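Participant: requesting a structural model of the entry that follows:
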Amino acid sequence: MCRYLTLSQLRTSYRNNGMQIFDGLSGYRSTQIMHKTTVGKPKQKVYHRVHELDRVMELQKKPLLILNLKSIIQSQKTESILLRDLEKEVGFVQKWNYMAVIEKYHPIFRVVGGEGSRSPPAVTLSEKAKKIASLESEALVKMEPVLVRNLKKLLMLSVDCRLPLDTIQSVAAELGLPSDFKNSLILKYPEFFRLDVFNGRVYLHLENWDSSLAVTAREEMLPPISDCQPKRGKKISKDGNFSGPFAFRLKYPIGFRPNVSYLEEVQRWQKMDFPSPYLNARRFEAAADPKARKRAVAVLHELLSLTMEKRLTSAQIDAFHSEYRLPARLLLCLIKHQGIFYITNKGVFSTVILKEAYDGSNLIDKCPLIEFRDKFLALMGRNESSCVIS
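Facilitator: Numbering: from 1, shown residues only. Okay, here's the model as predicted:
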């Protein structure tokens with residue numbers, strides 16, 4: 001299912017949602033979003049909405065509340081929290097959303113005390129929820145080598161193999177990093193990571209370059225070399241996909257019907273070679289070199305691939321702007337390559353999603369931590385959990 005949104009509406013939604021990433025970038029306000037038709041009337045360009053990917057964000061609301069409440073309960077010494085103290089943890093407004101979750105999902109949460117009891121009412125996990133929650137430690141053990149690998153790759157994408165610690169902190173949850181990752185992960189591996197202060201900011205440095213990790217997720221998904229060679233005389237692909245070592249997987253929305261000249265341009269772009277995202281960005285000037293611009297697309301693709309659910313808010317992406325030398329006109333880059341990226345304004349913040357990572361609204365490849373969360377959220381019940389779990 002596909003709907004339409006004009007580019008002016010898309011940009012307005014970014015501003016209304018506090019998305020500074022696109023609003024303040026060079027050339028943003030002068031972007032033309034209208035063109036003349038043959039009869040002289042202006043026609044607005046449209047951005048094709050994908051209902052299934054918008055739904056990804058809609059489906060996260062209740063699961064996030066449930067997982068956050070689980071973490072709050074587990075963080076208490078008694079593994080329970082008084083209902084009157086819930087406001088201190090989540091705020092007055094959010095408290096009522098959590099109270100509704102507690103009341104609705106009895107298979108997950110249990111209220112103890114209150115009424116005839118001498119103790120005030122408190123919420124804890126049900127016995128079944130506790131049993132499944134105990135599996136989280138096993139998932140975290142499996143996640144550790146994945147997190148170390150992805151953190152190293154994250155640093156290798158930057159121009160100096162270093163990133164501000166607060167930048168990493170801003171995407172810690174999306175990467176799957178624990179809240180205390182500085183102590184539990186970074187300091188645990190001094191052979192890989194080092195913390196330094198530069199210009200008043202704490203930076204995480206990569207100690208040694210690992211050439212075995214300088215392979216992108218796009219390259220790992222390429223078919224065998226023999227299958228990547230384009231066949232002579234083959235017609236232009238109607239969906240823009242092309243078998244080649246420098247090609248990206250494209251998923252255009254149903255309502256997007258490109259003409260032959262557009263598809264020819266896409267095929268030329270798919271064939272064009274480009275430098276690896278793991279080569280130092282200082283060597284390339286994206287504004288002047290088409291190959292460098294394609295490399296910038298590959299950097300965005302790799303950044304999203306390193307996250308658990310293959311998506312980041314636009315503000316989170318902007319945090320990497322200088323270290324990754326991202327395009328100045330980032331919004332235009334994302335819109336131009338709508339076969340690779342999808343921008344949704346559903347949820348609290350506008351979010352960029354890697355299209356190939358989803359089958360409809362379902363994430364295709366899941367890390368151990370996501371698999372554990374799916375098991376826990378299955379306690380919501382068949383009708384609701386099936387909307388969240390693929």
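
Participant: contacts, neighbours, all on C-alpha from now
Facilitator: Fine.

Participant: quick one: secondary structure of Leu185?
Facilitator: Per DSSP: H, G, I helix; E, B strand; the rest coil, the local secondary structure of Leu185 is helix.

Participant: so what's the residue count around it?
Facilitator: Counted with other Cα atoms under 10 Å, the neighbours of Leu185 add up to 17.

Participant: same deal with the one 4 residues further on?
Facilitator: When counting by other Cα under 10 Å, one arrives at 12 neighbours for Tyr189.

Participant: okay, and it sits in which element?
Facilitator: Assigned by DSSP states H and E, Tyr189 belongs to no helix or strand.

Participant: next, it: phi, psi?
Facilitator: Phi and psi for Tyr189, reported as degrees, to the nearest 10, are phi -120, psi 70.

Participant: look up how far Leu154 lies from it.
Facilitator: 16 Å (Cα to Cα, to the nearest Å).

Participant: then Leu334?
Facilitator: Leu334 sits 20 Å away from Leu154, going by Cα to Cα.

Participant: now do Leu53
Facilitator: Distance, Leu53 to Leu154, by Cα to Cα: 25 Å.

Participant: which residues does the longest helix anywhere in the chain contact?
Facilitator: Looking across the chain with DSSP state H, the single longest helix is helix 136-156. With Cα atoms under 8 Å, 6 or more residues apart in numbering as the test, helix 136-156 has contacts from 161-163, 175-177, 185, 192, 205-206, 209, 213-214, 278, 303, 306, 367-369, 372.

Participant: then stretch 101-110?
Facilitator: Lys62, Leu65, Ile66, Val111, Val123, Thr124, Leu125, Ser126, Lys128, Ala129, Leu379, Met380.

Participant: mark which of the residues you listed are buried, thanks.
Facilitator: Lys62, Leu65, Ile66, Val111, Val123, Thr124, Leu125, Ala129, Leu379, Met380 (16 or more other Cα atoms under 10 Å).

Participant: need the strands for the stretch 51-200 of the chain, in chain order.
Facilitator: Listed in chain order, the strands of the stretch 51-200 of the chain (DSSP state E, counting those that start in this stretch) span 80-82, 109-112, 122-125, 162-164, 193-198.

Participant: compare those strands and give me the one nearest Phe274.
Facilitator: strand 162-164 (23.4 Å; Cα to Cα).

Participant: sheet partners, orientation included, of that closest one?
Facilitator: Here strand 162-164 has these sheet partners by DSSP bridges: strand 201-206 (antiparallel).

Participant: CA-only coordinates of the strand it pairs with in CSV, if you can.
Facilitator: Below are the C-alpha coordinates for strand 201-206, written out as CSV (Å, rounded to 0.1, in the frame of the first residue of the first chain):
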residue,chain,number,x,y,z
ARG,A,201,35.3,16.2,24.4
VAL,A,202,35.8,12.6,25.3
TYR,A,203,36.6,10.5,22.1
LEU,A,204,36.7,6.8,21.6
HIS,A,205,39.7,5.8,19.5
LEU,A,206,40.3,2.5,17.6
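
Participant: any idea of the mean pLDDT in the next helix or strand after that strand?
Facilitator: Of the helices and strands lying after strand 201-206 in sequence (DSSP H and E), the nearest is helix 217-220. Mean pLDDT, helix 217-220: 96.

Participant: any idea which residue of this structure is furthest from its center?
Facilitator: Gly116 (47.5 Å; Cα atoms, centre = their mean).

Participant: quick one, strands of the stretch 251-390 of the chain?
Facilitator: Counting by DSSP E, counting those that start in this stretch, the segments of the stretch 251-390 of the chain that form strands are 311-313, 341-344, 351-354, 358-359, 362-363.

Participant: for Gln267, find the nearest of the ones you listed.
Facilitator: strand 341-344 (17.6 Å).

Participant: that closest one - contacts with which helices or strands?
Facilitator: Counting contacts by 3 or more Cα pairs under 8 Å, 6 or more residues apart in numbering; DSSP states H and E, strand 341-344 packs against helix 51-58, helix 330-336, strand 351-354.

Participant: need the residues that contact that strand.
Facilitator: Under the criterion Cα under 8 Å, 6+ apart, residues Arg49, Leu53, Asp54, Leu334, Ile335, Ser350, Thr351, Val352, Ile353, Leu354, Lys355 lie in contact with strand 341-344.

Participant: got the contact list for Ile132?
Facilitator: Contacts of Ile132 were listed using Cα under 8 Å, 6+ apart, and they are Lys375, Phe376.

Participant: show me where pLDDT drops low in the stretch 201-350 of the chain?
Facilitator: Residues of the stretch 201-350 of the chain meeting the criterion pLDDT under 70: 225-234, 286-287.

Participant: try 80
Facilitator: For the stretch 201-350 of the chain, residues meeting the criterion pLDDT under 80 lie at 223-236, 255, 285-288, 347-348.

Participant: helices of that one, start to end?
Facilitator: With DSSP state H, counting those that start in this stretch as the criterion, the stretch 201-350 of the chain has helices at 217-220, 225-228, 260-271, 290-305, 314-318, 321-324, 330-336.

Participant: what is the fifth one packed up against?
Facilitator: Using 3+ Cα pairs under 8 Å, 6+ apart as the contact definition, the elements that helix 314-318 packs against are helix 20-23.

Participant: what mean pLDDT does the helix it packs on get?
Facilitator: 35.

Participant: re the thing from before, between the strands of the stretch 251-390 of the chain, which gets nearest to Asn259?
Facilitator: When these are compared (using Cα to Cα), the closest one is strand 341-344, at 20.3 Å.
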